[in-house]
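In: After the sequence you'll find the predicted model.
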Amino acid sequence: MLEPQGIHLSSDDAFKTLSNSRRRQVILMLSRSQEPIPAKDLAREIAATENQIDSNQVTGKQRSRVYIGLIHSHLGLLDDLGVIEFNDRTRLVTETDDTQPLAHFIKLLRRSCNVARGDA
């Protein structure tokens, strides 16, 4: 198994980053994208996941609720920690050198937890 590259965070900051489902989803979505992602698109996908519906079924209210949380809390924190780059003017979110290693740990932890529960 390949070891992921190092993460430029303290362990407390890494745990803080991964402690919130929306932050984990942002990291995972960015890790799968080759391009910056508009915050509104992240909000739509996260709202779909939270409401267990397809992304084209997300209502404006559902998307707005997530979007506000992302803009006012999560994206700023992730940007401050260097996990992502968030352009407040364009509302574009871009990965950094720490995005992929953190995504790797999220995936590894999910697999480990699913195996332990027998869901694998």
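Out: Yep, that arrived.
In: Need the residue closest to the centroid of the chain.
Out: Centre of the chain computed as the mean C-alpha position; nearest residue by C-alpha atoms, centre = their mean is V26, 1.8 Å away.
In: Now that residue. Nearest residue, chain neighbours left out?
Out: The shortest distance from V26 to any non-neighbouring residue, by C-beta to C-beta, 6 or more residues apart in numbering, is to L42 (5.8 Å). (Glycine included, C-beta is placed from N, CA and C.)
In: check which helix or strand covers that neighbour.
Out: In the assignment (DSSP states H and E), L42 maps to helix 39-51.
In: T96: what's it in contact with?
Out: By C-beta atoms under 8 Å, 6 or more residues apart in numbering, the contact list for T96 reads G82, V83, I84, E85.
In: nearest to I46, of the residues you listed?
Out: Nearest to I46 among those, counting by C-beta to C-beta, is I84 at 14.0 Å.
In: got the buried residues for the biggest helix by length in the chain?
Out: Secondary structure of the chain per DSSP state H: the longest helix is helix 99-117. Using 16 or more other C-beta atoms under 10 Å as the test for burial, helix 99-117 gives T99, P101, L102, A103, H104, F105, I106.
In: Next up, the contacts around the nearest residue to I84 once chain neighbours are set aside.
Out: Once flanking residues are discounted, I84 sits nearest to L78: 4.5 Å by C-beta to C-beta, 6+ apart. Taking C-beta under 8 Å, 6+ apart as the criterion, L78 is in contact with T17, R23, V26, I27, I84, F86.
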